[in-house]
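Engineer: I would like the atomic coordinates for the input below:
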Amino acid sequence: MIESDHPPSCVHVLISGRVQGVGYRYNTYRQARQLEIKGWVQNLKDGRVEAWFEGEPEAIQGMLRWCQGGPLSAKVEAVTAQPAPPEGFETFKIRR
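Structural biologist: As a prediction, the model looks like this:
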């Protein structure tokens, strides 16, 4: 998670562990919509989940906290988040 005096309004995130085949993307979508986060989430070929979150800094931090646990059937081992320049997404989508 990102700890800073000035939390970012956009982050590029990688989640590893048992995060594919457990509804992680769908639940990320639901949580992002609830927190009014814009961006996307997708599976990677190496078994990780990748996401891009844009929104209010407090919402981003809440989303990153959620990612550390994910849905009940997931077993998250690591969440890395790097600040990024916002791209201006208007919605949150699941990429396939």
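Engineer: Strands of the chain, start to end?
Structural biologist: With strands called from DSSP state E, the chain shows them at 10-18, 38-43, 49-54, 75-83, 92-94.
Engineer: any idea which of those strands is most buried?
Structural biologist: Ranked by mean neighbour count, the strands of the chain are led by strand 49-54 with a mean of 23 (mean count of other Cβ atoms under 10 Å). C-beta: built from backbone N, CA, C; applies to glycine.
Engineer: Against which helices or strands is it packed?
Structural biologist: Contacts defined by 3 or more Cβ pairs under 8 Å, 6 or more residues apart in numbering; DSSP states H and E place strand 49-54 against strand 10-18, helix 24-34, strand 38-43, helix 57-69.
Engineer: Serialize the ones you listed to JSON lines and add fields for distance to residue 79 and mean pLDDT.
Structural biologist: Below are those laid out as JSON lines (distance: least, Cβ to Cβ, whole Å; pLDDT from 0 to 100):
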{"stretch": "strand 10-18", "distance to residue 79": "5", "mean pLDDT": "98"}
{"stretch": "helix 24-34", "distance to residue 79": "11", "mean pLDDT": "98"}
{"stretch": "strand 38-43", "distance to residue 79": "13", "mean pLDDT": "98"}
{"stretch": "helix 57-69", "distance to residue 79": "5", "mean pLDDT": "96"}
